[in-house]
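In: Generate a structure from the sequence data that follows.
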Amino acid sequence: MSKKSMWSFKLSTVSLVMIPVAVGINYVGKLFASALKLPLWLDSIGTVLASMLGGPILGALSGAINNIIFGLTADPMSFVYAGTSIAIGLVAGILAYKGWMNNFGKALVSGLIVSIVAAVVSTPLNIKFWGGQTGNAWGDAVFGAMMAKQSSLWLASFVDEVLVDVPDKIVTVLISFAIFKSLPKQLTSLFASEDEIKQL
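Out: So this is what the prediction gives:
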């Protein structure tokens, strides 16, 4: 059974079922972080897991749909960050395909890479809609201190985002890695076949 192309998307029941599962995991993670008042978001675990299982396109779709649903049901500003979720899904899927989710050490590095990409995509959005802040108390405190010292708005906003994204995405990727490793081979193999794959 050949390994599927990184940019192929398998139009199968298991892939389509994965999207609402990923959205549900993202929802639970976000609610968990909010309930415990953690300095994290934990709203991309399902997106990363979908990327590990089905590739970048499935991950990106899961992330975008998650933001759309959350935007419709809870917070309209979630629509704005759909691009960030798509980027997370794409990067996580590429890293997984290239073997960077095979062990704990690589997953740790992958979490750092994903966090930097997320920060780069989110920073301009934060500046446009929130004056550069993230809404996270820890990051925004640093943002305020940097702005008080006449730092660049872009630099202060990026540092604010990085301070939240780095721990958040590292934890997110490691949790996704742990879930992936705990899944039975019969399930993960359903995503690995080239059968009935259609290139997008």
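
In: By residue count, which helix of this protein is the longest?
Out: Determined from DSSP state H, the single longest helix within the chain is helix 153-182.

In: how far out from the middle of the chain is it?
Out: Distance, stretch centre to chain centre, for helix 153-182: 8 Å (C-alpha atoms, centre = their mean, to the nearest Å).

In: any idea which helix or strand comes after it?
Out: helix 185-188 (DSSP states H and E).

In: Distance from that following helix to the middle of the chain?
Out: So, by C-alpha atoms, centre = their mean, the centroid of helix 185-188 is 22 Å from its chain's centroid.

In: hey, which helix or strand in this structure has the poorest pLDDT?
Out: Across the helices and strands of the chain, the lowest-confidence element by mean pLDDT, DSSP states H and E is strand 197-199, at a mean of 37.

In: coming back round to it: which parts of the longest helix of the chain are buried?
Out: Buried residues in helix 153-182, counted by 16 or more other C-beta atoms under 10 Å: 156-177, 179-180. All C-beta atoms are positioned from the backbone trio N, CA, C, and that covers glycine.

In: start to end distance for stretch 30-49?
Out: 15 Å (C-alpha to C-alpha, to the nearest Å).

In: try stretch 129-139
Out: In stretch 129-139, first residue to last residue: 16 Å (C-alpha to C-alpha).

In: what mean pLDDT does that stretch have?
Out: Averaging pLDDT along stretch 129-139 gives 92.

In: Next: stretch 30-48.
Out: 91.
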